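Undergrad: here is a sequence together with a model predicted from it:
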There are 2 protein chains.
Amino acid sequence: MTTKEQIAESYKQIQDEICLGLELADGKGKFIEEIWKREGGGGGRTRIFQNGSVIEKGGVNFSAVYGKLPEVIKKAFEVAEDDFFATGVSIVIHPNHPWIPIIHMNIRYFEVSDTMRWFGGGIDLTPHYVVDEDARFFHQYLKKVCDQFNSEFYQKFKSWADDYFFIKHREETRGVGGIFYDRLTPETASISWEQIFEFSKVIGRAFVPIYTELINRNRSKSFTADEKQWQYQRRSRYAEFNLVYDAGTKFGLETNGRIESILMSLPPQANWIYDFKAKANSEEEKTLSLLKKGIDWIY
Amino acid sequence: MTTKEQIAESYKQIQDEICLGLELADGKGKFIEEIWKREGGGGGRTRIFQNGSVIEKGGVNFSAVYGKLPEVIKKAFEVAEDDFFATGVSIVIHPNHPWIPIIHMNIRYFEVSDTMRWFGGGIDLTPHYVVDEDARFFHQYLKKVCDQFNSEFYQKFKSWADDYFFIKHREETRGVGGIFYDRLTPETASISWEQIFEFSKVIGRAFVPIYTELINRNRSKSFTADEKQWQYQRRSRYAEFNLVYDAGTKFGLETNGRIESILMSLPPQANWIYDFKAKANSEEEKTLSLLKKGIDWIY
């Protein structure tokens, strides 16, 4: 079995690859890095990208932390032991162009006292404007990744993402979904530990080709001031999801995590307009109509 | 004892007075009204003000709702009965000028099955830039209001506001506080029901003179683009507080309240800048240094 140190090392490597890939795709900006240590044990590398040619604000974070689990988390995770180790890579990118989607990716590994361990992660897309072919490309790509490991993964993890990335009070999904999985073990995944680890690395390495393609498909489209306004409004929904529902954000806020790393996911600018109604037959109305669970993008 | 219908009628009247007063203070904009009905019983009047000469976005909401309490709320309120009635006025104003503060006011009355009842409410100030004299004026005014009813109210409710309007993950208060009180009854307040009701009305009627004064003191100050940016950043903290901690917002989201009325409190535009550091000896640094509990503004 791969050790936790090897997993952390691989994830760190993936962070490096993704940062290089994103700088190349953007063509202008550079990441700035902050190395931080956690009081209870471990630390991380927060890498932030601001005001690039495409990426307005983005973060690619790596962390590997260990120590004693707080009581509230032990309860939430239903574990009795309290020595934990957690490592992962977490990304959120807010592009400046309203036709390029917001994207999020996370791969993580967690273990408690050498007795329980699991992998979690996923990747999902939040277009300001849903472009059918882009959503289809995205889901088809994820299906191919999943199918290499288990032919049931895609459907299962796609539904999981639909349920997870849901803004209950708005009755809308955060975007067009993707895949989400948690507590993956040989029992739940029907593949070996090595294969689960491999699966998480393949997802991590799918990020750059997927997002580069989505950037290049859309970056030279022209857009209007109204479309820019719409982008700011969609970003406010993203902020609502992350602050009200996102488990990783809640976990971070409740355990006194590094606030600026946790909240790097929040948009550079978000607008809340009272009771906005999309015009009939507009692109905005079309997008809203597609923010629902259960859409089959593989056809 | 005043009936719940009379309380609702008075609060509705106060909503009318406040809207007239704010239109006068702004000098340009007008409220638009939406009357809504609640499926389980009752309804409200949402009044929204957008793009005035001073008020960029504001809401003055009245509601009087009744019906059966959801299980989750019964637990939170520690009540066994489930026929409830609730009425109140709730205000949040986001001004366009960075030197005019954001302000919030709420007065509310709640009863369950004619056996339990209480009043709650408060008023608090969130300056983008703390102006000492304005904070002092605000607190002195509130102290005078409180002192008419009980000489202990101001200190007690001022501390309560410090504790309530606290952004735990930032370790900063939302602003310079004000007063906050809940579950006020003759037992907890040492004054009669009539006096408690009167107290809530006096707070409601203090809103317009207080905010008009704060607008007029600051509206003709010039400001820079950097100060405007800072305003957007402070507003993002306001959004964080309301989405992560505010009890009224949580209550509304969990009970399927009218979303646009609940979230009218969110700013028209908010910006999140990664790891912003205020310059030494700047106005921004001064403001951050004053966002803490326990400051005595009455001197």
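TA: Arrived safely, thanks for sending. Residues are numbered from 1 along each chain as shown, chains lettered A, B, ... in the order given.
Undergrad: tell me where the stretch 51-200 of chain A has strands.
TA: Remark: strands assigned in the stretch 51-200 of chain A by DSSP state E, counting those that start in this stretch are A:55-68, A:83-95, A:102-112, A:116-126, A:166-167, A:172-173, A:177-184.
Undergrad: dump these to a markdown table, plus mean pLDDT, distance to B:Lys293 and mean neighbour count.
TA: (Each C-beta comes from the backbone N, C-alpha and C, glycine too.) Output for those, formatted as a markdown table (pLDDT from 0 to 100; distance: least, C-beta to C-beta, whole Å; neighbours: other C-beta atoms under 10 Å in any protein chain shown):
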| stretch | mean pLDDT | distance to B:Lys293 | mean neighbour count |
| --- | --- | --- | --- |
| strand A:55-68 | 94 | 29 | 22 |
| strand A:83-95 | 95 | 32 | 23 |
| strand A:102-112 | 96 | 35 | 22 |
| strand A:116-126 | 96 | 37 | 22 |
| strand A:166-167 | 97 | 33 | 17 |
| strand A:172-173 | 98 | 38 | 21 |
| strand A:177-184 | 97 | 38 | 23 |
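Undergrad: closest one to chain B among those?
TA: strand A:55-68 (6.9 Å; C-beta to the nearest C-beta).
Undergrad: what lines up beside the closest one in the sheet?
TA: Its sheet considered, strand A:55-68 pairs with strand A:42-50 (antiparallel), strand A:83-95 (antiparallel) by DSSP bridges.
Undergrad: that strand to strand A:102-112, inter-axis angle?
TA: 10 degrees (axes from the mean of the first three to the mean of the last three C-alpha atoms, to 10 degrees).
Undergrad: quick one: strand A:55-68 to chain centroid distance?
TA: Relative to the chain's own centre, strand A:55-68 is displaced by 11 Å; criterion: C-alpha atoms, centre = their mean, to the nearest Å.
Undergrad: also stretch A:48-58?
TA: Stretch A:48-58 has its C-alpha centroid displaced from the chain centroid by 16 Å (C-alpha atoms, centre = their mean).
Undergrad: and if you look at stretch A:137-157?
TA: Distance, stretch centre to chain centre, for stretch A:137-157: 16 Å (C-alpha atoms, centre = their mean).
Undergrad: now do it: everything it contacts.
TA: Counting contacts by C-beta atoms under 8 Å, 6 or more residues apart in numbering or on different chains, the residues outside stretch A:137-157 that touch it are A:122-123, A:125, A:158, A:176-181, A:189-191, A:195, A:198-199, A:202-203, A:206, A:209-210, A:213-214, A:297-298.
Undergrad: and that stretch, what's buried?
TA: Within stretch A:137-157, the residues that qualify as buried by neighbour count (16 or more other C-beta atoms under 10 Å in any protein chain shown) are A:137-139, A:141-143, A:145-146, A:149-150, A:153-154, A:156-157.
Undergrad: over to stretch A:201-208?
TA: For stretch A:201-208, burial by neighbour count (16+ other C-beta under 10 Å) applies to A:201, A:203-208.
Undergrad: just the CA trace of it, in CSV.
TA: Provided in CSV are the C-alpha atoms of stretch A:201-208 (Å, rounded to 0.1, in the frame of the first residue of the first chain):
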residue,chain,number,x,y,z
LYS,A,201,-4.2,11.3,-9.9
VAL,A,202,-5.9,10.9,-13.4
ILE,A,203,-8.6,13.4,-12.3
GLY,A,204,-6.0,15.8,-11.1
ARG,A,205,-4.2,15.5,-14.4
ALA,A,206,-7.4,15.9,-16.5
PHE,A,207,-7.8,19.4,-15.1
VAL,A,208,-5.3,21.3,-17.3
